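**Q** Pasted the sequence and its predicted model underneath.
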Amino acid sequence: MAEAAAHADHDHDDHGHGELKENNFMGLPNLKLAMWAFLGSECMFFGSLIGVYFFYHGHSLDGPLPADIFSITITTISTFILLTSSLTMAFAVDAMKQSKAGRTKLFLALTALLGASFVGFQVYEFSHFYLEGGLGLSTSLFASSFYVMTGTHGTHVTVGVIWLLMALSFVHRGKIKPGNYLPIEVAGLYWHFVDIVWIIIFTFVYLLEF
């Protein structure tokens, strides 16, 4: 009986600290390793999109050029919002590690709100480019590569927002217990990744045009 109780306590401690028994040969939970593998493939995917953009950069003279339509002020604001969301995501993970469910929910909600705001700015930019700048998806090679690259990133942010809202719901309903930070940490890895990708896009696509 004592041995069974000790075993139960050990299982509870594992769960409370977000550690999974199913560790791989690297000593990492399988869920975290799977996310790292996924992000590695995403690096190659976004690398190819950015590479295509730069390959066609300056080769197309049809339609408006980047410097004609980009608004560095608006994009800087949206970039700041997304970078701030990376900070609130880190706070959410830290709060979950400390078994503070209320703070975890607060920072998850803030992160999702900031991410949704970034997507809203991107929708506004696309609408402005199309309606006032005359830049459609098939206007030029620049337009096609730009919309596909930034649109794909925006889709990733949208998926991240949905993921965070689901995590918030699970924490609220007790499906993710306080202290079980692994699911939140994995969501955080994804969120930090999309933030880093945007820093690269913002720097090499927007800033270099000015």
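**A** Nice, I can see it.
**Q** For the nearest residue to residue 172 once chain neighbours are set aside, grab the count of nearby residues.
**A** In space, and not counting its chain neighbours, residue 172 is closest to residue 105: 6.0 Å by C-beta to C-beta, 6 or more residues apart in numbering. To be clear about C-beta, it is placed using only N, CA and C from the backbone, and glycine gets the same treatment. Using other C-beta atoms under 10 Å, residue 105 has 18 other residues around it.
**Q** Point out where this structure drops to low pLDDT.
**A** The chain contains residues with pLDDT under 70 at 1-27, 58-61, 210.
**Q** now do 90
**A** When residues are selected by pLDDT under 90, those of the chain lie in 1-31, 53-71, 131-143, 177-180, 204-210.
**Q** For it, just list every one of the strands.
**A** For the chain, applying DSSP state E gives no strands.
**Q** ok, now how distant is the most centrally placed residue in it from residue 198?
**A** Residue closest to the average C-alpha location in the chain (C-alpha atoms, centre = their mean): residue 191, at 3.0 Å. According to C-beta to C-beta, to the nearest Å, residue 191 stands 11 Å off from residue 198.
**Q** Hmm, residue 202 is touching residue 80, no?
**A** No: applying C-beta atoms under 8 Å, one finds residue 202 not in contact with residue 80, separated by 10.2 Å.
**Q** Give me the more crowded residue out of those two.
**A** With neighbours defined as other C-beta under 10 Å, residue 202 and residue 80 compare such that residue 202 has more, 19 against 12.
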